[in-house]
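In: Pasting a predicted model and its sequence here:
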Amino acid sequence: MDENRMNEDRTEEKNGRAGKNRFWTGVLAGALVTALAGLVVVGMSAGIYLFGRGVMSRQPEAGAQEEEASGAGENAIDYGRLTSKMKLIEGVIDQYFLYDKDAQTVEDYTYLGMMAGLGDPYSTYYNEREFQSMMDSTSGEYSGIGAMISQNRSTGLCTIVRVYEGTPAMEAGMRPGDIIYQVGDVQVAGESLDVLVNNYIKGEEGTDVEITVYRADEDAYVDLTITRRKIEVPTVEYRMEEDSVGYVLISEFDGVTVNQFEEAVDALTDQGMKGLIIDLRSNPGGLLDGAVSMADYILPDDVDTYEKGEGKTLIVYTADKNGEGDVYTASDGHSVDLPIVVLVNEESASAAEVFTGALKDYGAARVVGTTTYGKGIVQNVIPLGDGSAIKITTAHYYTPSGFDLHEKGIEPDVEEDLSAELKTQAVVDPEEDNQLSRAAEVLKEMF
């Protein structure tokens, strides 16, 4: 009996290794440590979000929706056929399925399937628990591990791109570049980012989560035990550098970021700041209103360079499939009349690109780093009235000059990539940060 058990164990171990090898073959080529997809701070989906505004006001009445859906249009869903087929499938499940089904889970996945059928990686369905979790995260606080994650749009792999200081993730030894392979006993590589975060990584405060990551530079799988706890996301950090150079790091745009940014700029101004570096590297985006408000704080209100601004300073505008959209202009009466450098990289996305694009178009800042990610589309999060919600792509956004950066990104004025050895470090010493040094050089030339 013991010999049989040992043989089974050896077989399982062999199969496990083979499974891992099969999974990574081909998938990792060219994509081991490069985060190419929209980013997430554990618990918060990346990108630009509007919570129902605009879209809800343009929805047709319920009766009109039902009439259109039941019509013979080419793109209409035949709900009669759909309902009949669902009942047929349910009958087969009830008669033949070996295990007990969870009706609520089956229902949730039905809605998920409907959104997945759109073929848009940014559109999805949230059940009540997932929606509440996402809302908690955009407020700036959540229970999790304290890491920022990216999902590669072509491979589906989720990669750690930032580990926050003093968080459970850092204490457990997680590093930027780690690819999440397994959580507990579930292989999650290729799972959607929202599902990974809300269903596997987040959890009750004080509980442990077992995460297996693939570490490319060591060609090894590493098992990490991380104790979840309440995380307050440090969205803005600032300090005064040499020669009165102010430095502000913005890690994402959420509900607390605008006030933190304004306080940072004001504090540095009071300290005699002569120029400002705004670091948006690996910033995944977040709330559009946050990016607009922060650009508004920097720019004067009455720069009428662009017609759509109608005499005001245009910050960004959107357009849906009907050409309709919103126009955002400066209006707060505040501006910052100092040399500014915006520091970006290939993982600066969405709201970070809105902010960067506005300052660049007006010549209010020089951009240093590498070409940004290129996510120029807007998602609306629309509550469905029962605690659940959908997130759906509704519009393109454009910089003041009319530039559509989607899948192109914003090119820097001064190209400077981070050195390869620094990309794998959880914390980069400012004195070793070649991108930051180059940004400071460019800023001082502007004095």
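Out: Happy to help now that I have it.

In: And Thr318, which helix or strand is it part of?
Out: Assigned by DSSP states H and E, Thr318 belongs to strand 314-319.

In: Would you mark the buried spots in stretch 399-410?
Out: 399-400, 405, 409-410 (16 or more other CB atoms under 10 Å). In short, each C-beta sits where N, CA and C put it, glycine included.

In: for stretch 303-317, same thing?
Out: For stretch 303-317, by 16+ other CB under 10 Å, it's 303, 306, 309, 312-317.

In: what's it in contact with?
Out: 288, 291-292, 295-296, 299-302, 325-331, 354, 357-358, 361-362, 397-402 (CB atoms under 8 Å, 6 or more residues apart in numbering).

In: Could you list which of these belong to strands?
Out: Members of the contacts of stretch 303-317 lying in strands (criterion: DSSP state E): 327-329, 397-398.

In: I'd like the distance between Ser244 and Lys274.
Out: Distance of Ser244 to Lys274, given as CB to CB, to the nearest Å: 4 Å.

In: residue ranges with poor pLDDT in the protein?
Out: Along the chain, segments meeting pLDDT under 70 span 1-47, 49-74, 137-142, 153, 233, 426.

In: all helices for it, in order.
Out: 2-24, 62-69, 79-96, 103-116, 128-138, 168-172, 193-195, 257-270, 288-298, 351-361, 434-446 (DSSP state H).

In: number of nearby residues for the closest residue to Glu165 other than its chain neighbours?
Out: Nearest residue to Glu165 in three dimensions, chain neighbours excluded: Val427, at 6.3 Å (CB to CB, 6 or more residues apart in numbering). The number of residues packed near Val427 is 11, by other CB atoms under 10 Å.

In: How about Ala220?
Out: For Ala220, using other CB under 10 Å, the count is 9.

In: With the one 4 residues further on instead?
Out: Counted by other CB under 10 Å, the residues lying close to Leu224 total 19.

In: got it, and Asp386?
Out: Around Asp386 sit 8 other residues, with neighbours defined as other CB under 10 Å.

In: So it sits against Tyr126, correct?
Out: No: taking contacts as CB atoms under 8 Å, Asp386 lies outside contact range of Tyr126: 11.4 Å.

In: how close does Gln151 sit to Ile160?
Out: 11 Å.

In: same question but for Gly206, I mixed them up
Out: 22 Å.

In: which of the two has more neighbours?
Out: Each of Gly206 and Ile160 had its neighbours counted (other CB under 10 Å), and the higher figure belongs to Ile160 (24 against 10).

In: tell me the contacts of the nearest residue to that one once chain neighbours are set aside?
Out: Nearest residue to Ile160, sequence neighbours excluded (CB to CB, 6+ apart): Asp178, at 4.4 Å. By CB under 8 Å, 6+ apart, Asp178 lies in contact with 159-160, 213-215, 222.

In: again with Arg229
Out: Arg229 neighbours (CB under 8 Å, 6+ apart): 143, 168, 205-206.

In: From those residues, keep the buried residues only.
Out: 143, 168.

In: can you redo the contacts of Arg229 as TSV with distance to Ser251?
Out: Shown next, in TSV, are the contacts of Arg229 (distance: CB to CB, whole Å):
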residue	distance to Ser251
Ser143	18
Pro168	17
Glu205	22
Gly206	25
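
In: List just the nearest of the contacts of Arg229 to Thr155.
Out: Nearest to Thr155 among those, counting by CB to CB, is Pro168 at 26.7 Å.
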